[in-house]
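**Student:** predicted coordinates and the sequence they were generated for:
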Amino acid sequence: RRPTIILTSFCITIFFIATWTLRACDYNVSTGHMSMLDATWLFIITFTTIGYGDIVPSTYCGRGKN
């Protein structure tokens, strides 16, 4: 009935899952996990293809995910 609400809910859910998996995947022994805010910023900047380079993934898993 309401495809806009369903599509928006789906996109928001995928956004949070992708951000959380990026955070979980990019674990560095010396620094630990990146913060959820950093993971969100990295995902948004990468997804919009801006790519500032201020935050970069440090593991192969994080680079592959990104």
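**Tutor:** That came through fine.
**Student:** ranges for the strands of the protein?
**Tutor:** 27-28, 32-33 (DSSP state E).
**Student:** how about the most centrally placed residue in the chain, what does it touch?
**Tutor:** Nearest to the geometric centre of the chain sits residue 19, at 3.1 Å (Cα atoms, centre = their mean). Residue 19 makes contacts with 36, 39, 40, 43, as judged by Cβ atoms under 8 Å, 6 or more residues apart in numbering. No exception for glycine: its C-beta is placed from N, CA and C like everyone else's.
**Student:** for the last one, which residues are in contact?
**Tutor:** Pointing back at residue 43 there. 15, 18, 19, 22, 66.
**Student:** go ahead and produce PDB holding the CA coordinates of the longest helix seen in the chain.
**Tutor:** Criterion DSSP state H: the longest helix present in the chain is helix 3-25. C-alpha atoms of helix 3-25 as PDB (Å, rounded to 0.1, in the frame of the first residue of the first chain):
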ATOM      1  CA  PRO A   3       5.800   1.700  -1.100                       C
ATOM      2  CA  THR A   4       7.500   4.900   0.000                       C
ATOM      3  CA  ILE A   5       7.400   3.900   3.700                       C
ATOM      4  CA  ILE A   6       8.500   0.400   3.000                       C
ATOM      5  CA  LEU A   7      11.400   1.600   0.800                       C
ATOM      6  CA  THR A   8      12.500   4.200   3.300                       C
ATOM      7  CA  SER A   9      12.400   1.700   6.200                       C
ATOM      8  CA  PHE A  10      14.400  -0.800   4.100                       C
ATOM      9  CA  CYS A  11      17.000   1.800   3.200                       C
ATOM     10  CA  ILE A  12      17.400   2.900   6.800                       C
ATOM     11  CA  THR A  13      17.700  -0.700   8.000                       C
ATOM     12  CA  ILE A  14      20.400  -1.500   5.300                       C
ATOM     13  CA  PHE A  15      22.200   1.700   6.300                       C
ATOM     14  CA  PHE A  16      22.400   0.700  10.000                       C
ATOM     15  CA  ILE A  17      23.400  -2.900   9.200                       C
ATOM     16  CA  ALA A  18      26.100  -1.700   6.800                       C
ATOM     17  CA  THR A  19      27.500   0.800   9.300                       C
ATOM     18  CA  TRP A  20      27.500  -1.700  12.100                       C
ATOM     19  CA  THR A  21      29.300  -4.400  10.000                       C
ATOM     20  CA  LEU A  22      31.900  -1.800   8.900                       C
ATOM     21  CA  ARG A  23      32.500  -1.000  12.500                       C
ATOM     22  CA  ALA A  24      32.700  -4.700  13.500                       C
ATOM     23  CA  CYS A  25      34.800  -5.600  10.500                       C
END
